[in-house]
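Student: got a structure for you, letters missing:
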């Protein structure tokens, strides 16, 4: 799968060595640190990924790039230790190849570089939800705190209330209510 074209665009090539029940890519512009998982990133850019493909390539928009991108994939037979995560940012001329935290998901980045050095230690000791296991162990939330401290990313604007019966998802992506 390829979206768009252009010489300075970020290209991400994904090789799935394991089977994933959920896979998404978020372009982060804002944070909602009152939430965890994908909601940490507020209303993010969401290029379509197909979790069923062994290999896929996505070209990301060159205009108005987000502060960072975040790739998340959760394996079938979910296991926290096997969850794949990769944070990266636009970096013209850079290339990188490696695993998205776990050996099951290989990634090649073109015109981008990974963002490293974040983790549970990125969460401030006085963060309101730090003691809640679902928040503290959420890698998205950990990276959100890193972004807050190192990129001064703003809070997400309030989102309109959705009913419990409305879901906006595509195959392989999470439904949040």
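Tutor: Noted; the coordinates are in hand. Quick caveat, the model's predicted, so the values are computed rather than measured.

Student: so what's the closest residue to residue 94 other than its chain neighbours bridging to?
Tutor: The shortest distance from residue 94 to any non-neighbouring residue, by CB to CB, 6 or more residues apart in numbering, is to residue 113 (4.5 Å). Glycine gets a C-beta too; all of them are placed from N, C-alpha and C. Per DSSP bridges, the residues bridged to residue 113 are residue 89.

Student: How much space separates residue 113 from residue 50?
Tutor: 25 Å (CB to CB, to the nearest Å).

Student: And for residue 76?
Tutor: 15 Å.

Student: Likewise for residue 58?
Tutor: 10 Å.

Student: quick one: which helix or strand includes residue 26?
Tutor: In this assignment (DSSP states H and E), residue 26 forms part of strand 20-28.

Student: Quick check: buried residues in that strand?
Tutor: Neighbour-count burial for strand 20-28 flags 20, 22, 23, 24, 25, 26, 27, 28 (criterion: 16 or more other CB atoms under 10 Å).

Student: Am I right that the fifth one is in contact with residue 58?
Tutor: The reference is to residue 25. Yes - counting by CB atoms under 8 Å, residue 25 touches residue 58, with 6.9 Å between them.

Student: anything in contact with each of the two?
Tutor: 12, 47, 49 (CB atoms under 8 Å, 6 or more residues apart in numbering).

Student: And those, which is closest to residue 98?
Tutor: Set against residue 98, the nearest of the shared contacts of residue 25 and residue 58 by CB to CB is residue 12 (12.3 Å).

Student: who are the neighbours of the host helix or strand of that closest one, in terms of helices and strands?
Tutor: Per DSSP H and E, residue 12 falls inside strand 11-16. The helices and strands touching strand 11-16, judged by 3 or more CB pairs under 8 Å, 6 or more residues apart in numbering; DSSP states H and E, are strand 20-28, strand 55-59, strand 68-75, strand 102-114.

Student: What are the contacting residues of the longest helix along the chain?
Tutor: As assigned by DSSP state H, the longest helix anywhere in the chain is helix 139-151. Here helix 139-151 makes contact (CB under 8 Å, 6+ apart) with 28, 31, 33, 36-38, 40-41, 67-68, 70, 72, 83, 85, 87, 101, 115, 117-120, 122-124, 127, 129, 135, 153.

Student: Can you list the buried residues in it?
Tutor: 139, 140, 141, 142, 143, 144, 145, 146, 147, 148.

Student: show me where pLDDT drops low in this protein?
Tutor: Within the chain, the ranges that satisfy pLDDT under 70 run 1-7, 159-177.

Student: could you measure the residue most central in space within the chain against residue 77, distance?
Tutor: By CA atoms, centre = their mean, the chain has its centre lying nearest to residue 70, at 2.4 Å. Distance of residue 70 to residue 77, given as CB to CB: 23 Å.

Student: How about residue 46?
Tutor: For residue 46 relative to residue 77 (CB to CB), the value is 25 Å.
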